[in-house]
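[1] sequence? don't have it. structure:
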């Protein structure tokens, strides 16, 4: 099971990153999604597995991944 901790959107709102806490071991997962307007749903884009135990590290990884996938400059 996962608990959503934080969600960050790209400036265009076409991409987002979710930081989820795994309830089994309390580690944080970071996943990237893009908006599919045809199906009107978020589709997972990240294929690598990102885990960390610190929210600060998770936020840094999330912003890096979002920039890499969206190509947009993050604030």
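    On my side now, so go ahead. All of these numbers come straight from a predicted model, not from anything done at the bench.
[2] the spatially most central residue of the chain pairs with what?
    Closest to where the C-alpha atoms of the chain average out (CA atoms, centre = their mean) is residue 17, at 2.1 Å. When assigned by DSSP bridges, residue 17 has beta-bridge partners residue 8, residue 32.
[3] residues contacting it?
    Each residue near residue 17 by CB atoms under 8 Å, 6 or more residues apart in numbering is listed here: 7, 8, 30, 31, 32, 33, 62, 63, 65, 66. The C-beta positions use only the backbone N, C-alpha and C, and glycine is treated the same way.
[4] and the nearest residue to residue 45 once chain neighbours are set aside, what does it touch?
    Nearest residue to residue 45, sequence neighbours excluded (CB to CB, 6 or more residues apart in numbering): residue 32, at 4.8 Å. Counting by CB under 8 Å, 6+ apart, residue 32 makes contact with 15, 16, 17, 44, 45, 46, 65, 66, 69.
[5] read off the pLDDT value for the fourth one.
    Pointing back at residue 44 there. According to the prediction, residue 44 has pLDDT 96.
[6] do you know how far it is from residue 25?
    Separation of residue 44 from residue 25 (CB to CB, to the nearest Å) stands at 21 Å.
[7] helices of this structure, start to end?
    Here the chain has its helices, by DSSP state H, at 55-70.
[8] any stretches of it with poor pLDDT?
    For the chain, applying pLDDT under 70 flags the ranges 75.
[9] hang on, the earlier thing: show me just the buried residues among the contacts of residue 32.
    15, 16, 17, 46, 65, 66, 69 (16 or more other CB atoms under 10 Å).
[10] closest one to residue 3 out of those residues, please.
    Nearest to residue 3 among the buried ones among the contacts of residue 32, counting by CB to CB, is residue 17 at 15.6 Å.
[11] nearest residue to residue 12 other than its sequence neighbours?
    Nearest to residue 12 is residue 72, by CB to CB, 6+ apart, at 6.2 Å.
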